[in-house]
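**Student:** Just the structure for this:
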Amino acid sequence: MTKPADRPNSTSRRAALKTLGAAGAAATLPLWARYTHAQSAEPIRIGFQKHATGIGAAYGRWYDRVSQAAVEKINGEGGINGRMIELVIEDDGTDPKRGAEVLEKFANQSNCDIAFGTLFSHVVIGSAPRAGELKLPYFVVSEGHHVASGMLNRWTLQPGITDVKSQVQAMAPFITNTLGKKVTMIYPDYGFGYDHRDNLTPAVEAAGGEVVAQIAIPPTETSFTKYFPQIPRDTEVIYHVMVGPAVLTFVKEMGEFFGPSRPEIFGFIDSLEAVDMSSPGLEFLDGTYFWEGMPRYLQADAPEYVKQYRDAVGIDENGASVSDPKDVSTAAHMFGCWETLHIIKAGMEAANYSSTDDRQALVEAVEAMSDMSAGIEHPQGDKRFNGKTHQVFGPQYISKVEGGRLNVTHVAPIEETLYPDEVDYTTQSF
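**Tutor:** This is a model prediction of the structure:
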């Protein structure tokens, strides 16, 4: 079904999109001319596989808002090849079986050109084989290493968000050089968590440290106190990455368990995405560090295009909705939807995409991409896309909690995130 935008309305947001749209159109045809042509053409239908329910619902809500804002911007510039974008939204329940069914509906009932937007790794892994069977380009916004590992297929790409392996590789030297050598990791017991488990240990060892314990917790868990006694006494750093509806409980109970004598803590912001940092019980996090894909809080040195992006998607200086300060965004991940939709636009234009007959040409056009400069289309930073592995690389942010706010203290450049290819999808047949 096609659904209206689930996003905050604001004068600043509308003004930002109007400004961005006008700027983009000025570079090509007059805006009125492109828009008039687009109205006479069939829209490009992008099937958005949304986590509207299930453990990914908080992400799904913000992925939707950002995707709607990006579509509004692109359509305001005249669309893609003179055609408007229409988002066709289906709830996958954050469930792999349902995810595959959603892709089939996109291809066979909704007449979608492509599918897009999936985050949770188990849903991607469960859906990608069906995308391959349907020959449906599947642009995921997941972070999972499953794309670049070679697990999936040529029809599945991740060009708008970096993966766990590159993130962990960039974080490990900071952890061992700044916080401590003996690391205990706490992670969710499913595919995304396994990416952290499998990639952190070699990365920490390469940086001169040691992972002394690995503690897996089901993502649907609601109480965590029984897990903390498993942390070895000689642990110098706790590395945590949790997801699901009880992440706030997890962090609070960790603080209650350790009290003032905690070890150093390094978390992936997944543990607190969509959670207000000033929530009662999180005071103990002051002085700890987090990985962020893109900073939640507006930094003092943020470039103008970052401010434009934030205005367009409707978040304030604290990374919350401009309509409701209690509605905290998933800022570290949702930018991937914005960037991926702009890459889809660039790929379709390069392929001169006109119908589903051009799906293969679209995939090949994206495979040919490489470096992308930071700007309004890529507000998270410069990117380097590897067409062989279907994976993008970009900067990684380390932020410190100071006075209930996340302040960026280190930015790892692209060069520190690269790793050897594990697959060459371009050698596979369509």
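**Student:** all contacts plus neighbour counts: C-alpha atoms, from now on.
**Tutor:** Fine.
**Student:** Contact partners for Thr118?
**Tutor:** 48-51, 124, 139-142 (C-alpha atoms under 8 Å, 6 or more residues apart in numbering).
**Student:** In strands only, show me the residues you listed.
**Tutor:** 48-50, 139 (DSSP state E).
**Student:** I figured Phe257 hits Gln230, correct?
**Tutor:** No: judged on C-alpha atoms under 8 Å, Phe257 makes no contact with Gln230 at a distance of 11.9 Å.
**Student:** the more surrounded of these two?
**Tutor:** Between Phe257 and Gln230, counted using other C-alpha atoms under 10 Å, Phe257 has the larger neighbour count: 15 against 12.
**Student:** Relative to the whole chain's centre, how far out is the helix or strand hosting that one?
**Tutor:** Assigned by DSSP states H and E, Phe257 belongs to helix 247-258. The chain centroid and the centroid of helix 247-258 are separated by 25 Å under C-alpha atoms, centre = their mean, to the nearest Å.
**Student:** For the next helix-or-strand element following that helix, which helices and strands make contact with it?
**Tutor:** Following helix 247-258 in sequence order, the next helix or strand is strand 264-268 (DSSP H and E). Under the contact criterion of 3 or more C-alpha pairs under 8 Å, 6 or more residues apart in numbering; DSSP states H and E, strand 264-268 touches strand 237-240, strand 289-292.
**Student:** Need the mean per-residue confidence for the first one.
**Tutor:** Confidence over strand 237-240, taken as the mean pLDDT, stands at 97.
**Student:** Gly375: which of the contacts of Thr118 is nearest?
**Tutor:** Val141 (19.0 Å; C-alpha to C-alpha).
**Student:** ok, the closest one - contacts?
**Tutor:** Counting by C-alpha under 8 Å, 6+ apart, Val141 touches 116-119, 158, 160-161, 336-337, 340.
**Student:** Quick check: pLDDT value at it.
**Tutor:** 98.
**Student:** Need phi/psi at it.
**Tutor:** Taking degrees, to the nearest 10, you get phi -130, psi 70 for the backbone angles of Val141.
**Student:** still on that earlier bit, so which of the helices and strands packed on strand 264-268 is the most surrounded?
**Tutor:** Among the helices and strands packed on strand 264-268, strand 289-292 has the highest mean neighbour count (mean count of other C-alpha atoms under 10 Å), at a mean of 25.
**Student:** list the contacts for Val392?
**Tutor:** Each residue near Val392 by C-alpha under 8 Å, 6+ apart is listed here: 158-163, 383-386.
**Student:** pretty sure Val322 contacts Asp316?
**Tutor:** Yes: using C-alpha under 8 Å, Val322 is in contact with Asp316, at 5.3 Å.
**Student:** Confidence-wise, which helix or strand of this protein is lowest on average?
**Tutor:** helix 31-39 (a mean of 44; mean pLDDT, DSSP states H and E).
**Student:** Quick one: mean pLDDT over stretch 68-83.
**Tutor:** Mean pLDDT, stretch 68-83: 97.
**Student:** next one: that stretch to chain centre, how far?
**Tutor:** Computed by C-alpha atoms, centre = their mean, the chain-centroid distance of stretch 68-83 equals 21 Å.
**Student:** Could you do stretch 200-208 as well?
**Tutor:** 24 Å.
**Student:** Outside of it itself, list whatever touches it.
**Tutor:** Applying C-alpha under 8 Å, 6+ apart, the contact partners of stretch 200-208 are 165, 168-169, 172-173, 176, 181, 210-211.
**Student:** Buried by neighbour count: which residues of it qualify?
**Tutor:** 200-205, 207 (16 or more other C-alpha atoms under 10 Å).
**Student:** again, but for stretch 92-111
**Tutor:** Counting neighbours by 16+ other C-alpha under 10 Å, stretch 92-111 gives 92-96, 98-100, 102-107, 110 as buried.
**Student:** List just the nearest of these to Asp301.
**Tutor:** Using C-alpha to C-alpha, Thr94 comes nearest to Asp301 of the buried residues of stretch 92-111, at 36.2 Å.
**Student:** ok but the closest one is inside a strand, no?
**Tutor:** No: assigned with DSSP: H, G, I helix; E, B strand; the rest coil, Thr94 falls outside any strand and is coil.
**Student:** Was I right to think it contacts Val123?
**Tutor:** Yes: Thr94 lies in contact with Val123 (C-alpha under 8 Å); the separation is 6.4 Å.
**Student:** Got the confidence number for the residue nearest the centre of the chain?
**Tutor:** For the chain, the residue sitting closest to the mean C-alpha position, by C-alpha atoms, centre = their mean, is His333 at 3.2 Å. Looking at His333, its pLDDT reads 97.
**Student:** correct me, but it touches Pro295?
**Tutor:** No: when contacts are counted by C-alpha under 8 Å, His333 is not listed as touching Pro295 (9.7 Å).
**Student:** In helices only, show me the contacts of Val141.
**Tutor:** Counting by DSSP state H, those place 336-337, 340 in helices.
**Student:** Please tabulate those residues in JSON lines and include neighbour count, distance to Glu42 and pLDDT as additional columns.
**Tutor:** Output for the ones in helices among the contacts of Val141, formatted as JSON lines (neighbours: other C-alpha atoms under 10 Å; distance: C-alpha to C-alpha, whole Å; pLDDT from 0 to 100):
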{"residue": "Gly336", "neighbour count": "30", "distance to Glu42": "26", "pLDDT": "98"}
{"residue": "Cys337", "neighbour count": "30", "distance to Glu42": "23", "pLDDT": "98"}
{"residue": "Thr340", "neighbour count": "25", "distance to Glu42": "22", "pLDDT": "98"}
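**Student:** Nearest to Ile414 among the residues you listed?
**Tutor:** Gly336 (16.2 Å).
**Student:** May I ask you to confirm that the closest one is in contact with Gln158?
**Tutor:** No: contact status for Gly336 versus Gln158: not in contact, 9.2 Å apart, counting by C-alpha under 8 Å.
**Student:** give me every residue that touches the residue nearest to Glu221 when sequence neighbours are not counted.
**Tutor:** The shortest distance from Glu221 to any non-neighbouring residue, by C-alpha to C-alpha, 6 or more residues apart in numbering, is to Ala246 (7.1 Å). Counting by C-alpha under 8 Å, 6+ apart, Ala246 touches 220-223.
**Student:** Which strand or helix spans the closest residue to Leu341 other than its chain neighbours?
**Tutor:** Spatial nearest neighbour of Leu341, excluding adjacent residues (C-alpha to C-alpha, 6+ apart): Ala70 at 7.0 Å. Following DSSP H and E, one finds Ala70 within helix 57-76.
**Student:** Whichever helix or strand comes after that helix pairs with which strands, and in what direction?
**Tutor:** Using DSSP H and E, the helix or strand that follows helix 57-76 in sequence is strand 85-91. Neighbouring strands of strand 85-91 in its sheet, by DSSP bridges, are strand 44-50 (parallel).
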